[in-house]
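Peer 1: Here is a sequence together with a model predicted from it:
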Amino acid sequence: EAGVTQFPSHSVIEKGQTVTLRCDPISGHDNLYWYRRVMGKEIKFLLHFVKESKQDESGMPNNRFLAERTGGTYSTLKVQPAELEDSGVYFCASSLGPHEKLFFGSGTQLSVL
Amino acid sequence: GENVEQHPSTLSVQEGDSAVIKCTYSDSASNYFPWYKQELGKGPQLIIDIRSNVGEKKDQRIAVTLNKTAKHFSLHITETQPEDSAVYFCAARTGGTSYGKLTFGQGTILTVHP
C-alpha cells in the first residue's frame, strides 16, 4: 500500500510568486493534515480536513495560504503571493480516523528567495 | 492551547549506550502522545505512541513512559545503534474542537557514534 505522497519534493520560487503543493493521502484515509516546519523549529499544525471539509484551520498563518481538498481525495496547499518567511518544509499527513495514528509524507522543501 | 517542551535539543551517545529524551506538556486534557523519528530527506515516522490510560509501553529497544500528574513523558532507547541517529519529535494531542491536531516538541538530534 502506498504511503502519503507529496509533490513536488522541492520548490524554489521568488518572493511574490505562487506555489501549489500537492498531497495524496493513504487510500481510504478521510483525515488529512498539513503541517509546516520552519527554520529547524518545531513542526506546526496548519489545518485538518475531514473528507472535503475543513475541520480545523486554526494554524493557517494568514490569507495568503489556501488549502483545498475537492472530492475528499488529494489536497493542495497554495501560497499566493509567497513571502520569505514562508520558506520551510511542508508536511502532509493522513489518518483513518481523527483519533488514529498519523502517517506523514516526505514533505515539500519550499525555498522563497 | 497546548504547549510541548522537549529536551535535550541534541544528544550524542556511544553505540550500545541508552538514550533518553524528555517532553513536558501543558494541557492536562491531552490524551495521546506519539513519538516520531525523522531521518534525512524523509518525513516523520511514527515509532511508538502511548495513550493517557497507560503508564508505560515498550517495543523491542524503544519504550515510552508517561506521568500524567507531572505532565511529562519520555522516550527511552536502549542498546543504541548508528541507524538510530535521526531527529526525534514528541507530540501531544488534545480532544475538543482540535481533536485531530498534534502539537510537537522542538525536536532532538540524536547522534550515535560507532
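Peer 2: Sure, I can see it.
Peer 1: count of residues packed around the nearest residue to B:Q6 once chain neighbours are set aside?
Peer 2: Distance criterion CB to CB, 6 or more residues apart in numbering or on different chains; nearest residue to B:Q6, sequence neighbours excluded, is B:G105 at 2.8 Å. Every C-beta, even on glycine, is put in place using the N, C-alpha and C of the backbone. By the criterion of other CB atoms under 10 Å in any protein chain shown, B:G105 has 25 neighbours.
Peer 1: pretty sure B:G105 contacts B:A91?
Peer 2: Yes. Between B:G105 and B:A91 there is a contact at 6.9 Å, judged by CB atoms under 8 Å.
Peer 1: Would you mind listing the residues touching both of those two?
Peer 2: Common contacts of B:G105 and B:A91 (CB atoms under 8 Å, 6 or more residues apart in numbering or on different chains): B:V4.
Peer 1: what's around residue 104, how many residues?
Peer 2: You didn't say which chain, so I picked chain A. 22.
Peer 1: that's the wrong chain, I wanted chain B
Peer 2: B:F104 has 23 nearby residues by other CB under 10 Å.
Peer 1: in stretch A:50-62, what's buried?
Peer 2: Neighbour counts over stretch A:50-62 (16 or more other CB atoms under 10 Å in any protein chain shown) mark A:50, A:55-56, A:59-60 as buried.
Peer 1: whoops, I mixed them up, stretch A:6-24
Peer 2: A:6-7, A:11, A:13, A:19, A:21, A:23-24.
Peer 1: roughly how far apart are A:Y35 and B:K37?
Peer 2: Applying CB to CB, to the nearest Å, the value for A:Y35 to B:K37 is 16 Å.
Peer 1: just A:S106 next, same as before
Peer 2: Distance from A:S106 to B:K37, by CB to CB: 14 Å.
Peer 1: I am finished for the moment; much appreciated.
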